[in-house]
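Undergrad: sequence and predicted structure below; questions after.
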Amino acid sequence: MGVKYQEKDVSRDRAAAQEMIDLTGQMGVPVILINGEPVIGFDRAKIQQLVAAGAASSGASSGGAQPVRFGLKIADAQKVTPPSGAVAITGAIVGEVSPGAIGEKAGLKSGDIITQINRQFITGAADMQHALVGVKPGDIITILFMRGGESRKSEIIV
């Protein structure tokens, strides 16, 4: 599927920030442009509609779709992390993140422990693989993970 996007850090690029304000009249909320159509905030339904429309117009079909690759090397956290107190650490621990891959764009780093994907609990690498079965380009993935004992959340369009 060929949905084109360009990421701009409006906290550092004043021209990009002004462009978003001029285009949407909004300031301080996420803005995504999909095929020239602004999506203000994180309007899941509108994002999926625009992505699907882009796939249909580009002739993409789900029949020959390649599986989505996150570019992560993972292992069972319980097997590779030392026990900390009485609570066992479960999840899929990230060993390596491929540069430019979806995992990196989602903000994942080596040492993070993925605990949920789209509300499915992840107790190890097999659970993570199972949770990603059927994920297609354009889907929105919600990832909950631990970094340094702190819970974090990331949402990304794959």
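TA: All right, it came through fine. Just so we're clear, the structure is a prediction, and the values are computed from it rather than from any experiment. Residues are numbered from 1 along each chain as shown.

Undergrad: kindly indicate whether the closest residue to Asn118 other than its chain neighbours is helix, strand or coil.
TA: Leaving out its chain neighbours, the residue that sits closest to Asn118 by CB to CB, 6 or more residues apart in numbering is Thr142, at 5.5 Å. Backbone N, C-alpha and C define where each C-beta goes, glycine included. Classification of Thr142 using DSSP: H, G, I helix; E, B strand; the rest coil returns strand.

Undergrad: spell out the residue ranges of the strands in the chain.
TA: Assigned by DSSP state E, the strands in the chain fall at 31-34, 37-40, 72-76, 92-97, 113-117, 120-121, 140-147, 150-157.

Undergrad: okay, domains of the chain per the record?
TA: According to automatic domain parsing, the chain comprises the domains 14-57, 72-157.

Undergrad: ok, now how distant is Leu72 from Ser154?
TA: 13 Å (CB to CB, to the nearest Å).

Undergrad: the more surrounded of these two?
TA: Set Leu72 next to Ser154 and count neighbours by other CB atoms under 10 Å: Leu72 wins out with 23 against 16.

Undergrad: that one: what's it in contact with?
TA: Leu72 is in contact with Val94, Gly95, Glu96, Val97, Ser98, Ala101, Gly103, Leu108, counting by CB atoms under 8 Å, 6 or more residues apart in numbering.

Undergrad: 10 Å instead?
TA: By CB atoms under 10 Å, 6 or more residues apart in numbering, Leu72 lies in contact with 92-98, 101-104, 106, 108, 110, 112, 114, 125, 128.

Undergrad: buried only: go through those for me.
TA: Ala92, Ile93, Val94, Val97, Ile102, Gly103, Ala106, Leu108, Asp112, Ile114, Ala125, Met128 (16 or more other CB atoms under 10 Å).

Undergrad: how deep is the nearest residue to Met146 once chain neighbours are set aside tucked in, by neighbour count?
TA: With CB to CB, 6+ apart as the criterion, Met146 has its nearest non-adjacent residue at 4.4 Å, and that residue is Ile113. Using other CB under 10 Å, Ile113 has 21 neighbouring residues.
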